[in-house]
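In: no sequence on this one, just coordinates:
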């Protein structure tokens, strides 16, 4: 493969087009064009400059991850945080363990709390109605030993269920913000040395 | 030098060079790469991040040859950050040095 300015710029453009806004991309490319231009006036060859710059792929990955994390911070959405995490995963094998594993654990945890909340919320009214029917003597099979207490208990259950769901949303938002900070820190630590000789 | 050692220190190096004088990208890259072996291409993303965080600003300045060059300058908050990081690094480095020397003594 050719290792010249054109190829370097081509790879960066190819990897970042569609992710980075056009003007940001142009600004970035102009930095590298300037680097080649000044390097050449100092008598270095394009191949030499290319190899000291290192892999354009690594540069593109870092820029992409930084940009997507910024985007997820700016606009909170599941899609944005997912893209940010995927881009950060691309930065190295290390991140498979230190980003993917905590992410999966968090998602499972949040889902579990949500499902328990939903179950409580739904079971509450059902148990409430059943307790009343039991008091009236309709069902032949009783689930409540003391139906009167069952009425209060089922109301309590629904309340706890709703609290769990609401709390889960706050928890999710908290982890989202913490997650962004962690990804930023992670990109900061992981990069800057990629491909260093 | 071990790659691990270079992690994270690049930012301090960039801020420290800019604390001495404004630089254009190529000049900054050279200042650092003549002392530390790095992938030079990674400095530009770092500069963009520093600009985003408000630690540096850029301006264009004519050069003797060719089109104007993009210069990087530390902002006030960049200068503050540079002081803090430098202090932190100095304390860390001297603590590590003390430990290393101590260990060597014990081994002898």
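Out: Arrived safely. Fair warning: this is a prediction, and the values are worked out from it, not measured in the lab.
In: point out where chain B drops to low pLDDT.
Out: Chain B contains residues with pLDDT under 70 at B:1-8, B:103-108.
In: which helix in it has the most residues?
Out: helix B:76-107 (DSSP state H).
In: anything in it near chain A?
Out: No: using C-beta under 8 Å from any C-beta of the partner chain, helix B:76-107 stays clear of chain A, with a minimum separation of 12.2 Å. Backbone N, C-alpha and C define where each C-beta goes, glycine included.
In: name the helices or strands packed onto that helix?
Out: helix B:9-20 (3 or more C-beta pairs under 8 Å, 6 or more residues apart in numbering or on different chains; DSSP states H and E).
In: which residues touch the helix it packs on?
Out: A:188, A:192-193, B:23, B:28, B:31-32, B:36, B:38, B:42-43, B:46-47, B:50, B:55-56, B:72-74, B:78-79, B:81-82, B:85-86, B:89 (C-beta atoms under 8 Å, 6 or more residues apart in numbering or on different chains).
In: what's around the residue in chain B that chain A sits nearest to, how many residues?
Out: Closest to chain A within chain B is residue B:39: 2.9 Å, counting by C-beta to the nearest C-beta. When neighbours are defined as other C-beta atoms under 10 Å in any protein chain shown, residue B:39 has 21 of them.
In: grab the nearest non-local neighbour of it.
Out: residue A:54 (2.9 Å; C-beta to C-beta, 6 or more residues apart in numbering or on different chains).
In: quick check: pLDDT value at that neighbour.
Out: Here, the pLDDT recorded for residue A:54 equals 89.
In: just want the residue of chain A that's nearest chain B.
Out: residue A:54 (2.9 Å).
In: wait, that residue sits on residue B:40?
Out: Yes: at 6.5 Å, residue A:54 counts as touching residue B:40 under the criterion of C-beta atoms under 8 Å.
In: who's more crowded, those two?
Out: More crowded of residue A:54 and residue B:40, by other C-beta under 10 Å: residue B:40, with 23 against 18.
In: residue closest to the middle of chain A?
Out: residue A:81 (3.2 Å; C-alpha atoms, centre = their mean).
In: quick one: the nearest residue to that residue once chain neighbours are set aside from residue B:90, how far?
Out: Leaving out its chain neighbours, the residue that sits closest to residue A:81 by C-beta to C-beta, 6+ apart is residue A:72, at 4.7 Å. Here the criterion is C-beta to C-beta, to the nearest Å. By it, residue A:72 lies 35 Å from residue B:90.
In: more neighbours: which of the two?
Out: residue A:72 (23 against 10).
In: ok, the more buried one - contacts?
Out: By C-beta under 8 Å, 6+ apart, the neighbours of residue A:72 are A:80-81, A:83-84, A:180, A:183.
In: could I get those residues as CSV with distance to residue B:61 and secondary structure?
Out: Compiled in CSV, the contacts of residue A:72 are given as follows (distance: C-beta to C-beta, whole Å; DSSP: H, G, I helix; E, B strand; the rest coil):
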residue, distance to residue B:61, secondary structure
A:80, 37, helix
A:81, 40, helix
A:83, 37, helix
A:84, 36, helix
A:180, 36, helix
A:183, 35, helix
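In: now for these: which two are most distant?
Out: Greatest spacing in those, by C-beta to C-beta: A:83 and A:180 (12.5 Å).
In: rewinding a little: the longest helix of chain B versus helix B:9-20: what angle between them?
Out: On the basis of axes from the mean of the first three to the mean of the last three C-alpha atoms, to 10 degrees, helix B:76-107 is oriented at 120 degrees to helix B:9-20.
In: give me the buried positions along helix B:76-107.
Out: B:78, B:81-82, B:85 (16 or more other C-beta atoms under 10 Å in any protein chain shown).
In: farthest pair within these?
Out: B:78 and B:85 (10.4 Å).
In: tell me the centre residue of chain B?
Out: Geometric middle of chain B (C-alpha atoms, centre = their mean) lands on residue B:13, at 1.7 Å.
In: ok, now how distant is that residue from residue A:170?
Out: 41 Å.
In: same deal with residue A:113?
Out: For residue A:113 relative to residue A:170 (C-beta to C-beta), the value is 11 Å.
In: higher neighbour count, the two?
Out: residue A:113 (17 against 9).
In: which strands or helices does the helix or strand hosting the more buried one pack on?
Out: Using DSSP states H and E, residue A:113 falls within helix A:101-136. Contacts defined by 3+ C-beta pairs under 8 Å, 6+ apart place helix A:101-136 against helix A:147-190.
In: ok and the helix it packs on relative to helix A:101-136, angle-wise?
Out: Using the same axes, to 10 degrees: helix A:147-190 against helix A:101-136 is 170 degrees.
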